[in-house]
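Trainee: Next input, structure requested:
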Amino acid sequence: MSSNPPSRRRPLRAARRWLAGRSLRTRLVFALLALLALVSVAIGGLTTVALRHFLIDRLDAQLAPATAMRGDRPGRPAFPGDGPGIPPGLPSGAVVAEITDGRVTSARTLTRSVSSADPFPDEQSVAVGEVAVLADLPVDARPRTVDLGDRGDYRAVARQYWDGRVRVVAIPLSGVQETVWALVAAQAGVAAVGLLLAGVAGALIVRATLRPLNRVAATATRVTELPLDRGEVALAVRVPAADTDPRTEVGQVGAALNRMLGHVADALTARQASETRVRQFVADASHELRTPLAAIRGYAEVARRGRDEVPADVAHALRRVESESTRMTSLVDDLLLLARLDTGRPLAVEPVDLTALVVDAVSDAHVAGPEHRWQLELPEVAIRVPGDAARLHQVVANLLTNARVHTPPGSTVTTTLAVDAASAVLIVADDGPGVPVELQPEMFERFARGDSSRSRAHGSTGLGLAIVAAVVEAHHGTVGVDSRPGRTLFTVRLPNPTADA
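Mentor: You can find the predicted model right below:
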């Protein structure tokens, strides 16, 4: 069984949960204050206990001569008069009681102690019932603490004299308790002020100590903001030399981060060099392939349309050669376009009537896919954007082709053109089966296909959406997709639109 009940473990769990979401600075300051609080409580507790023992020892020192003052030798009366007298040297509130046959027979209390100005103390009788507990004290002349009810705690000692009677002298502990509580209050005030000052000073010290770590974190943050996934990256960000001292823990972290950034920079440089070579090869190969492909297509067409009649199988073969050469020429053109966009070659920039361009693209799509339902939603004004008309037409045509190829016959494809505060918005939506969630992040990658069999059957190369993304990015716009079963939307935003009535 656990030694700590659940009720005690809950505050610890709550404290751990609270600290888990806090910064290292907060946790260090909290730990410092907790440690100082424990030390303050320990020192205060020991001081209080020591002071209480010291004050009680002083009371005991007063009790010893009071019980042996008189009546301790044969031949002398134990108590004068009709009751116990109060010996000198006792403070106000002291009680002296006589015990006979195990019960208190008389008791007096001191209402004013003896002083140099007035050597005669004031005494007052005390009801026996109020101090009856004194009769239970062991008669061994050893001081003990007793509770006298409404009178409070007393330090009392009982002593038996030669005539058989017992005398009890009790001194109140109220003065001791008041002194102890005053000390506790003073300690609490000093501890509170000390913890407050320590918290402020600790926060400043911890902040100054962690400042190098903040600089290291800032360096890592700047690296995460760099576009490391594409293009040429100049990874020149490094942790300052002052924060790479191997003699400190933060310096070790900073030096390790610099070494890691160096390795990453080397890897990015090698990647960029490899990508540059591949792009240059694709551009060169695409450019060189255009001429022989045009020749193949031309010769096949000439042979098929020549004067001499060719057999049916040969004519079919020539038509297939023409078809495949046309398809390969389209692929080469797409690759060449992507290679040019990758190199950052600027596109033509002129006012483009986006409304007319969308109308033409939807009309072409209607001819290419009569089995689909094509809808068009246009604003009442013509929308113009700066850009390359041919490339923007290719963007719209590729989106419409993608919707036609990847939706079953009878699907509805809706093209919407609008203008918001800062951009022209083109939306191509269909009610097809949608795109699987796991494929959506890579839809605009090159040669990405959602359905390989259908894509190949319709002559898709997997470059359509990649060209869309590249052309839109070259126009400083954005493209995104939102798809679920029964609803797929491609949204293109182009900046700096103008509207003509």
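Trainee: Determine the number of other residues adjacent to residue 467.
Mentor: Residue 467 is flanked by 23 other residues according to other C-beta atoms under 10 Å. In short, each C-beta sits where N, CA and C put it, glycine included.
Trainee: Give the buried residues for the helix or strand where it lies.
Mentor: Per DSSP states H and E, residue 467 falls inside helix 464-474. Across helix 464-474, burial judged by 16 or more other C-beta atoms under 10 Å covers 464-472, 474.
Trainee: Can you pull out the residues in contact with that helix?
Mentor: Under the contact criterion C-beta atoms under 8 Å, 6 or more residues apart in numbering, helix 464-474 has outside partners 334, 337-338, 341-342, 347, 388, 391-392, 394-395, 398-399, 401-402, 443-448, 478-479, 490, 492, 494.
Trainee: And the average pLDDT for it is what?
Mentor: Averaged across helix 464-474, pLDDT comes to 87.
Trainee: Can you name every helix or strand that the helix or strand that that helix is followed by contacts?
Mentor: The first helix or strand that comes after helix 464-474 along the chain, using DSSP H and E, is strand 478-484. Contacts defined by 3 or more C-beta pairs under 8 Å, 6 or more residues apart in numbering; DSSP states H and E place strand 478-484 against helix 464-474, strand 487-495.
Trainee: and the one helix or strand residue 332 maps to with helix 464-474, angle?
Mentor: For residue 332, the host element (DSSP H and E) is helix 312-342. On the basis of axes from the mean of the first three to the mean of the last three C-alpha atoms, to 10 degrees, helix 312-342 is oriented at 30 degrees to helix 464-474.
Trainee: re earlier: drop anything exposed from the contacts of helix 464-474.
Mentor: Buried members of the contacts of helix 464-474, scored by 16+ other C-beta under 10 Å, are 334, 337-338, 341-342, 347, 388, 391-392, 394-395, 398-399, 401-402, 443-444, 446, 448, 479, 490, 492, 494.
Trainee: what's the helix or strand for residue 107?
Mentor: Going by DSSP H and E, residue 107 is in strand 103-112.
Trainee: Tell me the helices and strands packed up against that strand.
Mentor: On a contact count with 3+ C-beta pairs under 8 Å, 6+ apart, strand 103-112 meets strand 95-100, strand 122-125.
Trainee: Go again with 10 Å.
Mentor: Judged by 3 or more C-beta pairs under 10 Å, 6 or more residues apart in numbering; DSSP states H and E, strand 103-112 is in contact with strand 95-100, strand 122-125, strand 166-172.
Trainee: what angle separates that strand from strand 95-100?
Mentor: Using the same axes, to 10 degrees: strand 103-112 against strand 95-100 is 160 degrees.
Trainee: Rounded mean pLDDT for strand 103-112, please.
Mentor: 84.
Trainee: can you check stretch 146-166 too?
Mentor: 85.
Trainee: Pull out the buried positions in that stretch.
Mentor: Going by neighbour count (16+ other C-beta under 10 Å), the buried part of stretch 146-166 is 146, 148, 151, 154-159, 161, 165-166.
Trainee: And stretch 262-277, by the same measure?
Mentor: Applying 16+ other C-beta under 10 Å to stretch 262-277 flags 265, 268 as buried.
Trainee: tell me the mean pLDDT for it?
Mentor: The pLDDT scores in stretch 262-277 average 79.
Trainee: Centre of the chain to that stretch, how far?
Mentor: 33 Å (C-alpha atoms, centre = their mean, to the nearest Å).
Trainee: can I get the CA coordinates of that stretch in CSV?
Mentor: The C-alpha trace of stretch 262-277 is given here as CSV (Å, rounded to 0.1, in the frame of the first residue of the first chain):
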residue,chain,number,x,y,z
GLY,A,262,27.3,23.2,-41.5
HIS,A,263,26.3,19.6,-42.5
VAL,A,264,22.9,20.8,-43.6
ALA,A,265,24.4,23.6,-45.7
ASP,A,266,26.7,21.1,-47.4
ALA,A,267,23.8,18.7,-48.1
LEU,A,268,21.7,21.5,-49.5
THR,A,269,24.5,22.7,-51.7
ALA,A,270,25.0,19.2,-53.0
ARG,A,271,21.3,18.8,-53.5
GLN,A,272,21.0,22.1,-55.4
ALA,A,273,23.9,21.2,-57.6
SER,A,274,22.3,17.8,-58.4
GLU,A,275,19.0,19.5,-59.1
THR,A,276,20.6,22.1,-61.3
ARG,A,277,22.3,19.4,-63.4
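Trainee: hmm, back to that, could I get the buried residues of helix 464-474 as TSV with distance to residue 174?
Mentor: Output for those, formatted as TSV (distance: C-beta to C-beta, whole Å):
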residue	distance to residue 174
464	95
465	90
466	91
467	95
468	91
469	88
470	91
471	93
472	88
474	91
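Trainee: Could you measure from residue 131 over to residue 150?
Mentor: The gap separating residue 131 from residue 150 is 11 Å, by C-beta to C-beta, to the nearest Å.
Trainee: Compare the helices and strands packed on strand 103-112 and say which comes out lowest on pLDDT.
Mentor: Lowest mean pLDDT within the helices and strands packed on strand 103-112: strand 122-125, a mean of 80.
Trainee: Return the list of helices and strands in contact with that one.
Mentor: Here strand 122-125 touches strand 103-112, going by 3+ C-beta pairs under 10 Å, 6+ apart.
Trainee: what angle separates the strand it packs on from strand 166-172?
Mentor: Computed by the same axes, to 10 degrees, the angle separating strand 103-112 from strand 166-172 equals 40 degrees.
Trainee: so how far is strand 103-112 off the chain centroid?
Mentor: With C-alpha atoms, centre = their mean as the basis, strand 103-112 stands 71 Å off its chain's centre.
Trainee: Stretch 357-371 now?
Mentor: When C-alpha coordinates are averaged (C-alpha atoms, centre = their mean), stretch 357-371 and its chain have centres 51 Å apart.
Trainee: again, but for stretch 89-105
Mentor: Relative to the centre of its chain, stretch 89-105 is centred 70 Å away, using C-alpha atoms, centre = their mean.
Trainee: Sort out which residues of it are buried, please.
Mentor: Across stretch 89-105, burial judged by 16+ other C-beta under 10 Å covers 90, 93-99, 104.
Trainee: And these, which is closest to residue 246?
Mentor: When the buried residues of stretch 89-105 are compared for distance to residue 246 (C-beta to C-beta), residue 93 wins out at 71.1 Å.
Trainee: Touching, that closest one and residue 154? I think so.
Mentor: Yes - look at residue 93 against residue 154 with C-beta atoms under 10 Å: they come within range, at 8.6 Å.
Trainee: joint contacts of those two?
Mentor: Residues touching both residue 93 and residue 154 by C-beta atoms under 10 Å, 6 or more residues apart in numbering: 170-174.
Trainee: Export the residues you listed to JSON lines and append columns for neighbour count and distance to residue 250.
Mentor: Shown next, in JSON lines, are those (neighbours: other C-beta atoms under 10 Å; distance: C-beta to C-beta, whole Å):
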{"residue": "170", "neighbour count": "32", "distance to residue 250": "66"}
{"residue": "171", "neighbour count": "26", "distance to residue 250": "62"}
{"residue": "172", "neighbour count": "21", "distance to residue 250": "61"}
{"residue": "173", "neighbour count": "21", "distance to residue 250": "56"}
{"residue": "174", "neighbour count": "14", "distance to residue 250": "58"}
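Trainee: tell me the contacts of residue 303?
Mentor: Counting by C-beta under 10 Å, 6+ apart, the residues that residue 303 touches are 310, 314-315, 317-318, 321-322.
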